[in-house]
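**Student:** please work out how this folds:
(chains A and B)
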Amino acid sequence: GENVEQHPSTLSVQEGDSAVIKCTYSDSASNYFPWYKQELGKRPQLIIDIRSNVGEKKDQRIAVTLNKTAKHFSLHITETQPEDSAVYFCAAMDSTLTFGKGTMLLVSP
Amino acid sequence: SQTIHQWPATLVQPVGSPLSLECTVEGTSNPNLYWYRQAAGRGLQLLFYSVGIGQISSEVPQNLSASRPQDRQFILSSKKLLLSDSGFYLCARGGASTDTQYFGPGTRLTVL
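**Tutor:** Just a heads-up that it's a prediction; the model follows:
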């Protein structure tokens, strides 16, 4: 089955800095890669996703890149704000979604 | 809009007691439905998924079971809870593209 590794487990940045979270996957058949943001005690919320026929996707301050050859994908957040503080999960889908273990992002004012 | 309801929101149960968690979906027909568990400070583990009424696929062998008695209803059950069953249980539905999944508000279960 699919295996997803996510790094780093925690990430602290100053407000206005950029943040990058990286994930690798094992199954070359995976073709869909979503990212979720989970605030404390809340449900995970889909923030951006990318499919295997696309190399990069942007939505305002958030972007995701995918390297199919290397089997890795990354989340980029620019101009971070305190409200970006949360746990972020990557996932990869072959037949079902397999999640990474999460990255706790802390943005200090 | 397509809304997911889960109840109860929180639950405290003794070891060995039964469990029934319910998930219902509005605004869509024949959605793919999923049950995930999130242990404290951990990632999301897929427990069961269903592509239609009466169709259940189990991802992890355990003392839990799932049923889908109606198109928009997905139930997670146990006959006897274990301490290790504590966690945040999330129901999810497939979106317009079946790849995309959206989560319900979750049920926080504590087994004592």
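
**Student:** which ones are touching B:Leu82?
**Tutor:** Contact analysis of B:Leu82 by Cβ atoms under 8 Å, 6 or more residues apart in numbering or on different chains lists B:Val15, B:Asn63, B:Val111. In this view, the C-beta of every residue, glycine as well, is placed from N, C-alpha and C.

**Student:** hmm, which of the residues you listed are the buried ones?
**Tutor:** B:Val111 (16 or more other Cβ atoms under 10 Å in any protein chain shown).

**Student:** show me the contacts of B:Leu82 that map onto strands.
**Tutor:** If you go by DSSP state E, these have B:Val111 in strands.

**Student:** average pLDDT for stretch A:86-98, rounded please.
**Tutor:** For stretch A:86-98, mean pLDDT rounds to 95.

**Student:** so where is chain B shaky, pLDDT-wise?
**Tutor:** Counting by pLDDT under 70, chain B has low-confidence residues at B:1, B:61, B:96-97.

**Student:** these two touch, right, B:Leu44 and A:Pro44?
**Tutor:** Yes: applying Cβ atoms under 8 Å, one finds B:Leu44 in contact with A:Pro44, separated by 7.1 Å.

**Student:** overlap of the contact sets of the two?
**Tutor:** Joint contacts of B:Leu44 and A:Pro44 (Cβ under 8 Å, 6+ apart) are A:Phe89, B:Leu90.

**Student:** between the contacts of B:Leu82, which is nearest A:Trp35?
**Tutor:** Taking Cβ to Cβ as the measure, A:Trp35 lies nearest B:Val111 of the contacts of B:Leu82, at 31.0 Å.

**Student:** thinking again about what came up before, now, which of the contacts of B:Leu82 sits nearest chain A?
**Tutor:** Chain A lies nearest to B:Val111 out of the contacts of B:Leu82, by Cβ to the nearest Cβ, at 18.6 Å.

**Student:** what bridges to the closest one?
**Tutor:** Beta-bridge partners for B:Val111, by DSSP bridges, are B:Gln13.

**Student:** is it true that it touches B:Lys80?
**Tutor:** No: between B:Val111 and B:Lys80 there is no contact under Cβ under 8 Å: 10.3 Å.

**Student:** can you list residues touching both of those two?
**Tutor:** Counting by Cβ under 8 Å, 6+ apart, the residues touching both B:Val111 and B:Lys80 are B:Val15.

**Student:** would you map the strands across the chain?
**Tutor:** Went with chain A since none was named. Using DSSP E, strands in chain A cover A:4-7, A:10-14, A:19-25, A:32-38, A:45-51, A:56-59, A:62-67, A:72-77, A:86-93, A:97-99, A:103-108.

**Student:** nope, chain B
**Tutor:** Along chain B, counting by DSSP E, strands occupy B:4-7, B:10-13, B:19-25, B:33-38, B:44-52, B:55-58, B:64-70, B:73-78, B:87-94, B:101-103, B:107-111.
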